[in-house]
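Asks: below are the sequence and a predicted model for it; my questions follow.
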Amino acid sequence: MIGDREIMIKEKVVSPFVKTLVNSNALDKIEDNMMPLKRLMAYYRCAIMEVETKFNVLNEEFSLEYDRNPIETIKTRLKSTESIVRRNFPLTVDSIEANLNDIAGVRVVCSFLEDIYLLADCLLQQDDVKLIQVKDYIKNPKPNGYRSLHLIIEIPIFLKDEKKDMRVEVQLRTIAMDFWASLDHKLSYKKDIPEEEAKLLRQELLECAQISADLDVRMGEIKNRIVNKENT
C-alpha cells in the first residue's frame, strides 16, 4: 500500500509531465489547423511582391521615356489575423478567398492626379492582370472627403508545382490625398470628443479634403504649363 506522502511525490513528478504533454499535443493540433491559413497568407505576400514589381517596372520605364517618375512611394500591407477575424467570416481558406478582397494591399502614391489613371491603365493592360472591381473615390469622393482610386485585381503567382490566382487591392492616390487620408485615419481614433465638437471637426476635415483636391488640380496645371514650355 502506497502512503499518502508517496502519492504526493508521484503527483508532483507526473503532473508537470502530463500537463506539458497535453499542452504540446494541443499546440500541435492548433499549429496543424493554422497551417492552411499560414500558407494562404504566404501566397498573398507573393501576390503583393508581384504587383509591387509591376509598378516598379512601370516607374522605371516612365523614367527612361519621359525623364520623370510618376510614382513617389509604394506601400504594401497584409491584413493581420486579428483584422480578418473581426470581419466575422469563418476562418477558413475558402471563406477568406471568397469573401475578402483586401487581404493583400498595395498603395501607390503618385506625383500628379493624371498619373493615377495613367498607371491604372498601364497595369490593367497587362495580360496577366484581371480586373475584378473598381471604386473611384476621386470622381466620387466618400462623404467624409476621402479620395483615392481602388482596384481589386487578380494576378497569378507561380509556385513550385502550380499557378494560383490571387486577389490584391490596389489603391492609387496623390501625395495630397495620402497626406489627408493619413491624418484623417489618426484623428478618427480619437475618442471622448463631444458630439458638437466632433461635428465641427468632421466639417473642417471635409473642407481640408476639398483644399487638397484643389491643390492637386493646380499642381497638375503648373506641371502641364512647364512641360508645354519645354516642348516649344
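Replies: That came in fine, so what should we check first? Numbering: from 1, shown residues only.
Asks: surely residue 59 touches residue 71?
Replies: Yes: the pair residue 59 / residue 71 is scored as a contact, 4.4 Å apart, by Cβ atoms under 8 Å. Where C-beta positions appear, they are placed from N, C-alpha and C, glycine not excepted.
Asks: so how many other residues sit close to residue 173?
Replies: A count of neighbours around residue 173, defined by other Cβ atoms under 10 Å, yields 24.
Asks: ok, it - contacts?
Replies: 107, 108, 109, 110, 116, 147, 148, 149, 181 (Cβ atoms under 8 Å, 6 or more residues apart in numbering).
Asks: and if you look at residue 44?
Replies: With the criterion set at Cβ under 8 Å, 6+ apart, residue 44 makes contact with 78, 103, 104, 166, 168.
Asks: give the other helices and strands that whatever helix or strand residue 205 lives in contacts.
Replies: Using DSSP states H and E, residue 205 sits within helix 195-230. Helices and strands touching helix 195-230, by 3 or more Cβ pairs under 8 Å, 6 or more residues apart in numbering; DSSP states H and E, are helix 113-124, helix 175-188.
Asks: closest one to residue 230 among these?
Replies: Residue 230 sits nearest to helix 113-124 of all these, at 16.7 Å, using Cβ to Cβ.
Asks: ok now the closest one, how far from the chain's centre?
Replies: Relative to the centre of its chain, helix 113-124 is centred 18 Å away, using Cα atoms, centre = their mean, to the nearest Å.
Asks: now it - C-alpha only, CSV.
Replies: The C-alpha coordinates for helix 113-124 follow below in CSV (Å, rounded to 0.1, in the frame of the first residue of the first chain):
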residue,chain,number,x,y,z
LEU,A,113,-3.6,63.3,-60.5
GLU,A,114,-3.3,62.3,-64.1
ASP,A,115,-0.6,59.7,-63.1
ILE,A,116,-3.2,57.8,-61.1
TYR,A,117,-5.3,56.9,-64.2
LEU,A,118,-2.2,56.5,-66.4
LEU,A,119,-0.7,53.9,-64.1
ALA,A,120,-4.0,52.2,-63.6
ASP,A,121,-4.5,51.9,-67.4
CYS,A,122,-0.9,50.6,-67.8
LEU,A,123,-1.5,48.0,-65.1
LEU,A,124,-4.8,46.8,-66.4
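Asks: quick revisit: list the buried ones in the helix holding residue 205?
Replies: Within helix 195-230, the residues that count as buried by 16 or more other Cβ atoms under 10 Å are 202, 205, 206, 209, 212, 213, 215, 216, 219, 220, 223.
Asks: having no further points to raise, I will conclude here.
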